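A.B. asks: using only what follows, build the 3D model:
(chains A and B)
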Amino acid sequence: MVLLKLQFPLQRRVRLAQGLWLLSWLAVLAGAFTFSLGVYLKTELLRRAEVMDNTEIHVVPNILMLVGLVTMGINLFAGRVCQDSLDSARFPPWKPFLLPWYGLAWMVCVWLLSAVVLSYALQGHLEESLKVGLRNGIRFYRDTDVPGRCFQKETIDRLQMELRCCGNTNYRDWFEVQWISNRYLDFTSKEVKDRVRSNVDGRYLMDGVPFSCCNPGSPRPCLQNHLTDNTAHYNYEHQSEELNLYNRGCRQALVDYYMGLMNTIGPGILSVISLQISVLVSLRYLHTSLEGVDPENPEADSEGYILAKGVKETLMDVKTTVFKLLQFGQVEAGDEAEAGADGEKAAS
Amino acid sequence: MALMVVKFDLKKRVKLAQFLWLMYWFSVMAGVLVFSMGLFFKIELRKRSEMMDNNESHFVPNLLIAVGLLACGINAMGGKICYDSLDPIKFSRWKPMLKPFLVSCVAFNCLLVLTALLCFLMRIPLQFTLAEGLKNALKFYKDTDTPGRCYMKRTLDQMQMEFRCCGNNNFRDWFEIQWVSNRYLDFSAKEVKDRIGSNVDGKYLMDAVPFSCCNPSSPRPCIQYQVTNNTAHYSYDHHTEDLNIWKRGCRDALISYYGGMMNTIGALVLLVASLEVIVMIGLQYVNTSQSNLADPESESEGWILEKTVKETFTDIMDKMKAMSKGNAVEEGGVDGVATVS
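C.D. replies: This is a model prediction of the structure:
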């Protein structure tokens, strides 16, 4: 039972070839689009690489870039094939390449789908990576004189200002680290000595945040220090004050940003997959309809189909072919061993 | 003696017409570019209109938009003329319009050069507008509860962060105004009463700047309050401290931003003007070479001006004199007739 058989008179075959040629050029553009999406996503991830602990999430843009290039290649091939398809002299050389082409086109669709799935599945990993990266960033905020970490302050400040966030989970993360370098602390003053002695590690902790946490939308000038002390500022109550600092944590802000990017990219990739599948199906119909053409009567009707037999039967056929190949290999090895043993027997 | 005579055989005429058609399409795209640059400039001016005095002039971006649209129209028509030029029947329909069209092209090119000049010169009025506008903006920073001005604080903070600047001329502008709203000042505290008593207008002045003046590249956490008091902070000397807050004033920052934009736009408009001059000369060659054809396949000559520049100029002056004299003679004739009867 042939799968999805269709009749193809000459006119229809010509139309199919022309349509496929256009479709394959669209698919080349789609491949370029996929590649550029991959590049864009990778640059966005690299921009914030300093607050990420690992690069696991980079697998998504890497897949997109690779698959984009492969898509461009196979669709250029498809365009070339259908250009030659209506000429009965030029088409036969392409025939042996078509079966591997189908395999490759299927793989492309599978990889693209896996990229979309991964982009959602790796969200947890991304969050973990950001958690560790931001924690380190906040810890090393004060090390502006340590080589290798001296730009951490600027990076975190710019991150908080751009993404309108404060701290890792929220602004209280700044209360737990010393974010002022020892170079700017007067260790002879009483206040500093008290604070340093008030905790086990001898750190200068305070209920204050850096200026980059300040929210410009607040009606009052920014309050950065003594945040939990209502009496330190006139007409201030820290439980109800919402606009003074950014309420969101930077981890949440970054995850939201990247998920937003993936959500925008997702539908684009899905449309590229559907375009590729339509190219695949059209080329299969063109291939089979041209194979069915009577060489003595090239203008006659012919039949096109997707699979010569039903899905189940085709899979069984594929299985038996694969087994035969394996068996053939085993039998050959067995024969050689026997021949070798016979030879030895004869010799001895 | 015609100016810059070139011989054209059929092949050369065809090549000229094709090349010119292509160049006209580039010019249409250049017109679209000028239009979009005018639009972009207008949007940028609107975005910062709160920092400018209310009477800022949108003349230059409006002119750019108009010139861009006009360029599209003129070049599309020129392209159509070139397309039809190789067909004698179609070309004969365009013939009477060509001379006025070319004259209008000359006028349009002059307009383009004028626009470019205005782009370069717009910096000067912008400077005055910004000085006035920023001064007022700083005054209204604290009025977050006054309707109509409640967003000034946010706008100014975001602008200082984006353009990396502080105050009007420099950060000391913040010392001269009260930028903390009275709602957040405890008037029963001694410190507040002292500060208010220390000046004539009763303003709460301090040597402090808002957080948006802070420079993230500074190695130490930002010092916003008591900026000029060296003893208030450990290991601090405000004379040598460079990185703590932005040193540049916002007026300079905005002027260099808009100035750069206007210089780029002016340069691009000059390039478009030179492109227009080239296509205009090409069209004149097409016109003259097609006009004196004995038969469609023969050779012909094309030129820019029929006589030399001097002679053409004197011709034009004579024509204008003749026209004005002609009016005078007519009037005299009418009077003469009246007296006779």
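A.B. asks: ok, B:Tyr83 - contacts?
C.D. replies: Listed by C-beta atoms under 8 Å, 6 or more residues apart in numbering or on different chains, the contact partners of B:Tyr83 are B:Ala17, B:Trp21. Using the backbone N, CA and C atoms, a C-beta is placed for each residue, glycine as well.
A.B. asks: chain A versus that one, what's the distance?
C.D. replies: From B:Tyr83 across to chain A, the span is 28 Å (C-beta to the nearest C-beta, to the nearest Å).
A.B. asks: how about the residues of chain A near chain B?
C.D. replies: A:144-145, A:150, A:153-154, A:157-158, A:161, A:179-181, A:183-186, A:189, A:210-212, A:214, A:216-222, A:224, A:233-235 (C-beta under 8 Å from any C-beta of the partner chain).
A.B. asks: show me where the stretch 101-250 of chain B has its helices.
C.D. replies: B:123-139, B:152-163, B:190-197, B:250-291 (DSSP state H, counting those that start in this stretch).
A.B. asks: can you put the ones you listed in JSON lines and add distance to chain A, mean pLDDT and mean neighbour count?
C.D. replies: Formatted as JSON lines, these follow (distance: least, C-beta to the nearest C-beta, whole Å; pLDDT from 0 to 100; neighbours: other C-beta atoms under 10 Å in any protein chain shown):
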{"stretch": "helix B:123-139", "distance to chain A": "13", "mean pLDDT": "91", "mean neighbour count": "18"}
{"stretch": "helix B:152-163", "distance to chain A": "4", "mean pLDDT": "94", "mean neighbour count": "20"}
{"stretch": "helix B:190-197", "distance to chain A": "9", "mean pLDDT": "92", "mean neighbour count": "12"}
{"stretch": "helix B:250-291", "distance to chain A": "15", "mean pLDDT": "93", "mean neighbour count": "19"}
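A.B. asks: for A:Trp174, find the nearest of those.
C.D. replies: Comparing the helices of the stretch 101-250 of chain B against A:Trp174 with C-beta to C-beta, the closest turns out to be helix B:152-163 (19.5 Å).
A.B. asks: packing partners of that closest one?
C.D. replies: Using 3 or more C-beta pairs under 8 Å, 6 or more residues apart in numbering or on different chains; DSSP states H and E, the elements in contact with helix B:152-163 are helix B:123-139, helix B:250-291.
A.B. asks: could you pull out the helices for chain A?
C.D. replies: A:10-47, A:59-84, A:95-121, A:123-139, A:152-163, A:190-197, A:250-291, A:311-347 (DSSP state H).
A.B. asks: that older thread, would you write a PyMOL line that selects the buried entries of the residues of chain A next to chain B?
C.D. replies: The following PyMOL line selects those of those that are buried, judged by 16 or more other C-beta atoms under 10 Å in any protein chain shown:
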select buried, chain A and resi 144+153+154+157+161+179+180+181+184+185+210+211+212+214+216+218+219+220+221+222+224+233
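A.B. asks: dump stretch A:91-109 to PDB, keeping only the CA atoms.
C.D. replies: Extracted in PDB, the C-alpha atoms of stretch A:91-109 (Å, rounded to 0.1, in the frame of the first residue of the first chain):
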ATOM      1  CA  PHE A  91      18.600  14.300 -13.700                       C
ATOM      2  CA  PRO A  92      20.000  10.700 -13.400                       C
ATOM      3  CA  PRO A  93      23.400  11.700 -12.000                       C
ATOM      4  CA  TRP A  94      21.700  13.300  -9.000                       C
ATOM      5  CA  LYS A  95      19.600  10.200  -8.200                       C
ATOM      6  CA  PRO A  96      22.100   8.300  -5.900                       C
ATOM      7  CA  PHE A  97      22.500  11.300  -3.700                       C
ATOM      8  CA  LEU A  98      18.800  11.800  -3.000                       C
ATOM      9  CA  LEU A  99      18.500   9.000  -0.400                       C
ATOM     10  CA  PRO A 100      21.300  10.400   1.900                       C
ATOM     11  CA  TRP A 101      19.800  13.800   1.300                       C
ATOM     12  CA  TYR A 102      16.500  12.800   2.800                       C
ATOM     13  CA  GLY A 103      18.300  11.400   5.800                       C
ATOM     14  CA  LEU A 104      20.200  14.600   6.200                       C
ATOM     15  CA  ALA A 105      17.100  16.800   5.900                       C
ATOM     16  CA  TRP A 106      15.400  14.700   8.600                       C
ATOM     17  CA  MET A 107      18.400  15.100  10.900                       C
ATOM     18  CA  VAL A 108      18.200  18.900  10.400                       C
ATOM     19  CA  CYS A 109      14.600  19.000  11.400                       C
END
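A.B. asks: buried ones in it, by neighbour count?
C.D. replies: A:Phe91, A:Trp94, A:Leu98, A:Trp101, A:Leu104, A:Ala105, A:Val108, A:Cys109.
A.B. asks: also stretch A:197-216?
C.D. replies: So stretch A:197-216, judged by 16+ other C-beta under 10 Å, has buried residues A:203-206, A:208-216.
A.B. asks: quick one: it to chain centroid distance?
C.D. replies: For stretch A:197-216, the distance from its own C-alpha centre to the chain's C-alpha centre is 38 Å (C-alpha atoms, centre = their mean, to the nearest Å).
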